[in-house]
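> sequence isn't available, so here's the structure alone:
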C-alpha cells in the first residue's frame, strides 16, 4: 500500500522529504479520486517548517469508496486567541532551495506559499546514538519560540512492507529502545507526534504474529511518549478515506492502542495523500466513532497537497493538477478535528518529478501558484 512521502528530513513518514533533520525516509499511501475540496491557503500566524524526508503518496491497498459520517462533537475546540502556533523548523530542503535561488522567478511564490508554513519534521533513519539530541533540537527550538512542533517517528520494523520507503529498526527490541531515546528528546512542552505513518493501515503483508508484535510496539510507543512528556499529543495511523473502511480501520487501531488515553490522543489521516479535506473529516469522525475510547480523542488531517482533491485517475506519484491545501493550524473550528497539518512538505517528490524525497522546485511551484 504504502508509498514514499515527503516531510521533514529529521525523520520522515508517509511522504517523501519535509525537514532535513533525519537521514532518510519515505512512506506510502494511496491517492484515490475524491470529491474536490478546493481550499484557499488561509493566512496563519505560524512560521513554516520544512525540514524532513517523508514518504510518498504511493497507492494504498484498498479501493473502496469513502463513506461519510455525521459530525460528532466531543473535544472542545481552542479559540483563535488561545490556539497555539505551530513551529517552522529553520532547516529544510525548501528553505535551502529558497536561500540558494534568490533570483529565480519562482522563489517568491515558493517562499511565501510553502517555505513560510510550518511543516512536520520526520525522523526516518534508525540511528539510536543521535535520535535523542536531534529530537531535542527540534522541540527545544519550538519551545524557545513558544510554538508547537510536529514530529514524525518513522522507524517501525518492516516499514512500508519492503516498498519504496522500506527500512526502520531491525527488530522490535531495537525499535522499543529507539522510541525510548526518541521520547527522551521531547522535553516538557506541547508537541504533536504523528506516530508511524502507514503502520496500522498497511499491515496486509504481515503475518498474524508480526501484526500482533507491531501493534504491541505501537501501543507501547504511545505510552512511552506520553509518559515522557504529558503535554505530547500522540496520533495513530488511520490511513485515508479511500483505503480501509472505517470500522475495519478502527478495529486495527484499537489493537494498536489508539483507543487508550494512556497512549493516544486520536488519529491522523491523508499523510502524503491528496484526498479532499471534507472527505477526510467525515471519514475520521466515522473511524473515531467506531474506535470508541475517551470522548476527547480527535483527528488531524494532512492538507499539504489536497487543495484540488485526489486525481480522478488514481495517480499517486507527483500527479499533475494538484494544489496545496489549507494552511497548517491547530484551530480548525471542526468538532473532533484537532488540526490541519502539513505532514508531507509540498514540493518533495514522490519519485516521479524528482528523486523520491527530494525537493523539486518545478513541482513545488506548480502546487503553490
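Thanks, I have the structure now. Quick caveat, the model's predicted, so the values are computed rather than measured.

> need the pLDDT of the residue most central in space within the chain.
Residue closest to the average C-alpha location in the chain (CA atoms, centre = their mean): residue 343, at 3.7 Å. For residue 343, the pLDDT comes out at 98.

> now do residue 8
37.

> now swap in residue 357 and tell me
Value for residue 357, per-residue pLDDT: 87.

> numbering from 286 from now on, please.
That works, and once the first residue is 286, the last one we named lands at residue 642.

> and it, how far is that from residue 628?
14 Å (CB to CB, to the nearest Å). In short, each C-beta sits where N, CA and C put it, glycine included.

> quick revisit: quick one, phi psi at the residue nearest to the centre of the chain?
For residue 628, the backbone dihedrals (degrees, to the nearest 10) come out as phi -80, psi -40.

> most remote residue from this protein's center?
Distance to the chain centre peaks in the chain at residue 388, reaching 31.8 Å (criterion: CA atoms, centre = their mean).

> how would you label that one: helix, strand or coil?
coil (DSSP: H, G, I helix; E, B strand; the rest coil).

> mind listing what's buried in the top helix by length along the chain?
The longest helix of the chain (DSSP state H) is helix 493-513. Neighbour-count burial for helix 493-513, counted by 16 or more other CB atoms under 10 Å, picks out 496, 498-500, 502-511, 513.

> list the helices and strands it packs on?
helix 457-468, strand 517-522, helix 531-540 (3 or more CB pairs under 8 Å, 6 or more residues apart in numbering; DSSP states H and E).

> columns mean neighbour count and distance to residue 603 on top of the ones you listed, output as a markdown table?
Output for these, formatted as a markdown table (neighbours: other CB atoms under 10 Å; distance: least, CB to CB, whole Å):
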| stretch | mean neighbour count | distance to residue 603 |
| --- | --- | --- |
| helix 457-468 | 19 | 30 |
| strand 517-522 | 26 | 22 |
| helix 531-540 | 21 | 26 |
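
> make CSV out of the ones you listed and add mean pLDDT and distance to residue 490.
Formatted as CSV, the helices and strands packed on helix 493-513 follow (pLDDT from 0 to 100; distance: least, CB to CB, whole Å):
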stretch, mean pLDDT, distance to residue 490
helix 457-468, 98, 16
strand 517-522, 98, 15
helix 531-540, 98, 14
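
> among those, which comes closest to residue 651?
Distance to residue 651, taken as CB to CB, is lowest for strand 517-522 among the helices and strands packed on helix 493-513, at 28.1 Å.

> ok, which stretches of the stretch 536-654 of the chain are helices?
562-576, 646-653 (DSSP state H, counting those that start in this stretch).

> which other helices and strands contact the first one?
Right, the one you point to is helix 562-576. Judged by 3+ CB pairs under 8 Å, 6+ apart, helix 562-576 is in contact with helix 531-540, strand 551-554, strand 583-587, strand 622-626.

> neighbours of residue 629, how many?
Neighbourhood size, residue 629 [other CB atoms under 10 Å]: 39.

> looking at the helices and strands packed on helix 562-576, which is closest to residue 569?
Among the helices and strands packed on helix 562-576, strand 583-587 sits nearest to residue 569 (CB to CB), with 3.7 Å.

> what's in contact with that closest one?
By CB atoms under 8 Å, 6 or more residues apart in numbering, the residues outside strand 583-587 that reach it are 299-300, 359-360, 477, 479, 520, 523, 550-558, 562, 565-566, 569-570, 572-573, 621-629.

> list only buried entries from these.
Using 16+ other CB under 10 Å, the buried ones in the contacts of strand 583-587 are 299-300, 360, 477, 479, 520, 523, 550-558, 562, 565-566, 569-570, 572-573, 621-629.

> sketch out the low-pLDDT regions of the stretch 336-485 of the chain for me.
336-368 (pLDDT under 70).

> all helices of it, in order?
According to DSSP H, counting those that start in this stretch, the helices that the stretch 336-485 of the chain contains are 378-385, 392-395, 413-430, 457-468.

> kindly reformat those as CSV containing distance to residue 533.
Listed next are these as CSV, based on distance: least, CB to CB, whole Å:
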stretch, distance to residue 533
helix 378-385, 36
helix 392-395, 39
helix 413-430, 33
helix 457-468, 24
